[in-house]
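with the sequence up front, the predicted model follows.
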Amino acid sequence: MDSRLARRQPVIWLPLILCLIFVLALLVVRGDVPGERAFGAFQSARDLRGFSNLEGPHSPLFMLLLSPAARLGPPIAQTAVLMSAAGWLATLVAVYWIGLRFNRPVIALLATVALTLEPSFYRLIGQDALFVMGWLWGALALSNLKMRVAGLMLIALAAAAIAQARMAPASMLVSYGPALIAGLALLGGWALDRVIALVTCWPPMRADKNVLAASLTVIALVGFGYARGSDHLFERTPFSAQRLALWQQAGAWLRQNSLPAMQVWSDYADVVGYFSERRTVDDVALDTCACALCRCALPDYAVVVNSLAWTQRLNQPWFQEHYRRVYAIANPYDSLAPLSIYRYQPSPFDLGPEVNVGAHLGGIIELASYRLDSTQLIPGEAQHLTLTWRALEPLTRTFHVRVRLYDVATRRVWAQVDNATPANAKTRLWPVGRPLTDRYTLEIPDDLPDGAYQIEAQMLYAENEALVAPNLEHPLDDAVTLARLEAQPWTSDTPLTVAHPLTATFSEREGGTIALLGYGLRPANDTTPIVERGGGLRVRLYWRARAAPDASYHVFTHLLTADGRLVAQSDSIPVYGTWPTDQWQAGQYILDEHIIPIGPDVPPGRYWLKIGMYTAENGERVTARDAAGRETPERSLPLVQVEVE
């Protein structure tokens, strides 16, 4: 630094002091609410275990320094804001110092003021980018001083952090790219310094260089400030306190009403994940037709705010089928579009295996496959059928589909659905060769008698002239027979079809008087049954009397927490109180049904479904034994875990 600059130290440092005061004033006036993307770093720091999850889109060093705050008690968000603000201030000091070290006060002044007025930096408050920028430029400043060793160590640490993160180029640009803006500011200052040098060499413009530099700097910064101001100067991606409170409320609801292992879908994945403490995804690559065909896994919850993308998703049939709104929070920014939380609900059309059919109708249409949610008919319970069609050639006529459920013995039709637009389109519009899904709900009457039934599908001309179709099983005119179903009696001398077979016995005698052959559930699911609060869980128990019981027992079906606390139950004599065990005959099969009401105050979570028998007179439970003959704890048999939402 030359002697003139040394003699004017207070004046030289005054611009930097003013810039620092301006930045601090902004932080005080506008608050310390961080940006949405910052919450991803907060969550990563909070969940940090050793060095295992340092990889990702966030600065490893930033997370390492935030992690102690998450464990020691200081608010992690405010700590991160202070760290990133310190990075911003450190960048101003470092860049200004670098300009002075090269004897270029114009460069120092222009670069520092430009960085002070850059609104994108303010939008990055709470994120790791500003923090990284601060210590990178601080390292460069130190490397130009006598403390080169410290500067080189910080630069090496930066390289190590980047290598540890193993980030994709796009993520590296987000976390480390803003550091380049300071370099651009220095380059702009250098260019202005060159302009001043040229101007002062022109005889008519010989003037005090410092006055000219200050004048041109002000002109340059006015233009820069106007350009950036037109781009919403100091407009923040960070949320206001009211909007942040909105996300805090949504996160609190999710913590209270969802399980820790559940996944949440939101365009604001970072902030939702931080406040809800749940795994989040910000986008799901779903093709609506592919989703219906492949039965892909969808997130458990969706947190939705008003946007064009979400408006389109909400109107998609697959979303309406699989999600229902369970909670809404008034949005201070859009009173007509509250923040909504949607809960995933398994579609009955997703249940059951897909069965290949391969029937060609008239040589122009193929019925490729079908899926049926259950092969057991329950009076009053609807059956859900999915058909997959394929046009083998361009269709020039309009067809409609008829699906019927009929009694095999009497050929009486008990349920029928006619569809003039199969696969939601006129058949003349079907593309050739593309699989199209077509769904039907068959309402089963309450008075459906016991017996064997079949479902058939028929493609008809508009004039009701049927196409010739090969029948895969028992032929019935020109219809394609799909599945054989059974409406089971409450009692039978022949074995019943069991949905979930198992082996257990109930009796005070060795060997067991009553055998449990299995169970069935409605609502059903391929994995964990899901039942809503305020609804009911239908449990079907399949018994067999090995010997005639000598007492009348009540059957209990209980939902219990992991520590054994009872939350819901249904106790009764078998078959809705109509078939006491002391009337059972040896060798008889009994279908026993219970509906467990789930109260609205039952906390959401997973519960064990346990069943057993007891004597009504004294409440003493009958000994229960598993398949190996071992007595079960508390004389109850655990069947399956059930999820209450």
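Good, I have the coordinates.

output the lowest mean pLDDT helix or strand found in this protein.
helix 288-294 (a mean of 43; mean pLDDT, DSSP states H and E).

for the stretch 451-600 of the chain, give me the ranges with low pLDDT.
Counting by pLDDT under 70, the stretch 451-600 of the chain contains low-confidence residues at 462-478, 508-512, 524-527.

now with 80?
461-478, 508-512, 522-529 (pLDDT under 80).

now the strands for it?
Using DSSP state E, counting those that start in this stretch, the strands of the stretch 451-600 of the chain run over 451-461, 480-487, 491-492, 500-506, 514-522, 530-531, 536-545, 553-560, 566-572, 589-597.

mind listing what's buried in the second one?
By neighbour count, with 16 or more other C-beta atoms under 10 Å as the criterion, the buried positions of strand 480-487 are 480, 481, 482, 483, 485, 487. (Each C-beta comes from the backbone N, C-alpha and C, glycine too.)

who does the fifth one bridge with?
Which is residue 485. residue 453 (DSSP bridges).

now residue 518: how far from residue 627?
Remark: distance between residue 518 and residue 627 (C-beta to C-beta, to the nearest Å) = 12 Å.

what do these two both touch?
residue 502 (C-beta atoms under 8 Å, 6 or more residues apart in numbering).

ok, the two, which is more surrounded?
Here residue 518 and residue 627 are compared on neighbour count by other C-beta atoms under 10 Å; more neighbours surround residue 518, at 18 against 9.

confirm that residue 325 sits in a helix.
No. Counting by DSSP: H, G, I helix; E, B strand; the rest coil, residue 325 is not part of a helix but strand.

my read: it touches residue 340, true?
Yes. Using C-beta atoms under 8 Å, residue 325 is in contact with residue 340, at 5.3 Å.

how is this protein carved up into domains?
Using automatic domain parsing, the domains assigned to the chain come out as 3-229, 241-345, 350-487, 492-644.

centre of the chain to the shortest one, how far?
Right, domain 241-345. Remark: domain 241-345 is offset 7 Å from the chain centroid, using C-alpha atoms, centre = their mean, to the nearest Å.

any idea how far residue 599 is from residue 532?
Taken as C-beta to C-beta, the span from residue 532 to residue 599 is 11 Å.

so between the two, which is more surrounded?
residue 532 (18 against 11).

now do the contacts for that one.
Residue 532 neighbours (C-beta under 8 Å, 6+ apart): 598, 644, 645.

my read: the first one touches residue 533, true?
Looking back up the chat, that one is residue 598. Yes. With contact defined as C-beta under 8 Å, residue 598 reaches residue 533; the gap is 5.5 Å.

what do the two both touch?
With C-beta under 8 Å, 6+ apart, residue 598 and residue 533 have common neighbours residue 644.

so for these two, which sits in the more crowded spot?
residue 598 (20 against 15).

burial of residue 315, as a residue count?
Neighbours around residue 315, by other C-beta under 10 Å: 9.

check the one 4 residues further on too.
The number of residues packed around residue 319, counting by other C-beta under 10 Å, is 19.

phi, psi for the nearest residue to it once chain neighbours are set aside please.
Leaving aside its chain neighbours, residue 319 sits nearest to residue 313 (5.2 Å; criterion: C-beta to C-beta, 6 or more residues apart in numbering). Main-chain dihedrals, residue 313, degrees, to the nearest 10: phi -60, psi -40.

hang on, residue 313 packs against residue 322?
No. With contact defined as C-beta under 8 Å, residue 313 does not reach residue 322; the gap is 11.0 Å.

low-scoring pLDDT stretches of the stretch 151-300 of the chain, where are they?
Within the stretch 151-300 of the chain, the stretches with pLDDT under 80 are 151-244, 282-297.

that'll do, ta.
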